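Colleague: Attaching a predicted model along with its sequence, questions to come.
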Amino acid sequence: SMQISNAAIYTEMDGGGDQVFDPFDYVVAVGWFGSMSSYPGAESPAKAFDGDAFTKYLNFGKENSGFIVTRADNAAVVVEQVTITTANDFEGRDPASWELYGTNETVMSTDNSTGEAENWTFIDSGDLALPIDRNTAGDIVFVNNTEAYTAYKMQFPTLKDTNGNRVDSIQYSEVLIEGQGGN
């Protein structure tokens, strides 16, 4: 599984300006084909955007799980950077890499689907070096992006799994996605 405690996106760099996504926005869990995406009710993908770093999103889909988030007002934003905060337990469940996609289509993907009901544009990807400490923000990851999208899909292809064991989930406590309004 995979878990996230909280996620936030702001209109200016380093958490400045207005928050782009909030608890009232549409958020669904996704995973690639065969990922078995699912989550406990108290650790849903909406927890990634609830403003509380001590809650988390956990997904039993493990590798390739993630989320789709769409602003309630459908405003397009340009995502420029991401910061991920570790969850409360099991370092091996932390994501070790990321992929970000965008779309301006109405999101029709359902919860725990593959998230492929829309046409997604690949934006950027990379590795993550999250801290060992729990409920701790990792380094800012800069995203190579100049296009504004109304919805974003973020997936995590690999897990930290520090002990070489196959973990049962992926988790993170917060995802801070920052950028600016589009045209």
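Modeller: Sure thing, it's come through. Numbers count the residues shown, from 1 in each chain.

Colleague: Run me through the strand neighbours of the longest strand anywhere in the chain, direction for each.
Modeller: The residue-count maximum for a strand in the chain (DSSP state E) belongs to strand 170-181. Note on strand 170-181: by DSSP bridges, its sheet partners are strand 2-10 (parallel), strand 57-59 (antiparallel), strand 77-85 (antiparallel).

Colleague: tell me the mean pLDDT over it?
Modeller: Strand 170-181 shows a mean pLDDT of 84.

Colleague: Now do the buried residues in stretch 111-127.
Modeller: 111-113, 115, 117-118, 120, 123-124 (16 or more other CB atoms under 10 Å). C-beta coordinates here come from the backbone N, C-alpha and C atoms, glycine included.

Colleague: Closest to Asn59 out of the residues you listed?
Modeller: Nearest to Asn59 among these is Asn112, at 8.5 Å by CB to CB.

Colleague: who touches that closest one in this structure?
Modeller: Contact analysis of Asn112 by CB atoms under 8 Å, 6 or more residues apart in numbering lists 28-31, 37-39, 61.

Colleague: Format the residues you listed as TSV; extra columns: distance to Val77, pLDDT and neighbour count.
Modeller: As requested, these are exported to TSV (distance: CB to CB, whole Å; pLDDT from 0 to 100; neighbours: other CB atoms under 10 Å):
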residue	distance to Val77	pLDDT	neighbour count
Val28	18	81	21
Ala29	21	83	29
Val30	19	85	26
Gly31	24	82	26
Ser37	25	88	26
Ser38	29	91	16
Tyr39	25	92	25
Gly61	26	89	25
